[in-house]
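Participant: Please work out how this folds:
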Amino acid sequence: MALLELRPGDAQLAYRLGLALAAVSPQSSLAYLSQARDLDPELADEVSTFQREISGSRRVEDISYEYLASGRALAQLQEWELAVEAFERAVEARPDYAEAWAYLGEARQHLEEDGLPELEKAYELDPDSLAVNTFLALHWQRNLNYELALDYLENALAVDPNNPALHAEMARTYALAGDLAASQEFYEKAIEQAPRDPRYWRALAEFTVVHQLRLRETGLPAASQAVALDPDDPASLDVMGQIYFLLGDMEKARSFLQRAVDADPSYAAAHLHLALVHLEAGETTLAYQQLEYARSLASPGSQTEEQILRLLDQLFP
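Facilitator: Predicted coordinates:
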C-alpha cells in the first residue's frame, strides 16, 4: 500500500496488492483490482473473474463463502499460495464447511503438499458433495489409483447425472486405467449431454488419436463436428490435422494444421504437428523451423515440450 501511494500509476503493483488482499479481505481487494484494470486494460479478464466470484458471494452473507469464492478466483489464476490462505480462512470461519475443506485439499496438492487429510475431512462432513467427490477422484487419479478415482466419480455422477464434464472425466480415468471401451462410452455420454459443445467432440477425437483407435470411424467424424461447432478453435483444427496425418492424407493434414496456427500462432502443439507433416514431405528446413518455434512457445515441463525436445534431439542433434 505504501509503494502504491508512491507509484499510483503502476498497474502490476495495484494488481499484486489486489491479489494479496483477495486472500485476506476479499471485499477490499476489488478497488485495487479495478484500479489495475483501469491502468492496464489487458488485466480485464483476470479482474472480471474476481468481480464475478466476490460479487456473487455477497448475496450469501457468509464470510466463509466469501473466502471460498475468492480462493476459487485465485486458483483459476494459478495463485495457489494465496488460494490456500483464502481456503484456510474459510474453514476457520466455518469448520463444518465441507466444500471449503475440499478446495483447501485440492489447493495444497498444487503446492506439492499432501492435501488428503483435508479431502478426507471434507468427505466426512458431506459424502454427497459434488466438489468433495470430484476432488477426491482427482487426488487418486494423480496417485494412479484409478479404481478409487472411478468410485468417487461415480459418487459425483450420482449427485449430478447430467453433467457432461463428469462423464468426460470418467472417460479420461477409464482410459488411464486401460479400459478403452468404457472410456469411449463415457465420451459419447458426455456428447449426448452437451451435443453443441465442441469440447466433448474434440475430447473424443483426441482419445482416438492418443490410442490410434477407430480414427476413420470415430475420430474423424468427432473432429469434424468439433470444427463445425467452432471453426476457429485451434485445438479442434489441430486434432483434425493429426487424424488426417495418421490416416496418411498429408494434404488435408497440412491444410488443417496451417489453419490451426493461423487461428492461434502461439499454439505450440499445432506447430509441432505441422513440423511432422514437413518431415513426412522431406521439408527438413521447414520442419526444424517449426520445431524451434514450437519449443519457444511450449509450456516448460509440458508433454508438448517433451515431444519437441525429443524430436530435436533425434533428428537435429
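
Participant: quick one: the helix or strand encompassing Gln12 to chain centroid distance?
Facilitator: Per DSSP states H and E, Gln12 falls inside helix 11-24. Between the centre of helix 11-24 and the centre of its chain there are 23 Å (CA atoms, centre = their mean, to the nearest Å).

Participant: And stretch 112-122, by the same measure?
Facilitator: Its chain's C-alpha centre lies 21 Å from the corresponding centre of stretch 112-122 when counted by CA atoms, centre = their mean.

Participant: what does stretch 280-298 give?
Facilitator: 26 Å.

Participant: Ala222 and Thr134: what is the separation?
Facilitator: Distance from Ala222 to Thr134, counting by CB to CB, to the nearest Å: 25 Å. (Each C-beta comes from the backbone N, C-alpha and C, glycine too.)

Participant: actually Glu118, not the one I typed
Facilitator: Distance from Glu118 to Thr134, by CB to CB: 14 Å.

Participant: What residues does the nearest residue to Glu280 once chain neighbours are set aside make contact with?
Facilitator: Nearest residue to Glu280, sequence neighbours excluded (CB to CB, 6 or more residues apart in numbering): Met250, at 5.8 Å. Met250 is in contact with Tyr244, Val277, Glu280, Ala281, counting by CB atoms under 8 Å, 6 or more residues apart in numbering.

Participant: Give me the residues contacting the helix holding Gln12.
Facilitator: 1, 3-4, 7, 28-33, 35-36, 39-40, 43, 46-47, 50, 54, 70-71, 73-74, 77, 79, 82-83, 85-86, 89.

Participant: Name the next helix or strand downstream of it, please.
Facilitator: helix 26-39.

Participant: Measure how that next one sits relative to helix 11-24, angle-wise.
Facilitator: 160 degrees (axes from the mean of the first three to the mean of the last three CA atoms, to 10 degrees).

Participant: Please name every helix or strand in contact with helix 26-39.
Facilitator: helix 11-24, helix 44-57, helix 63-76 (3 or more CB pairs under 8 Å, 6 or more residues apart in numbering; DSSP states H and E).
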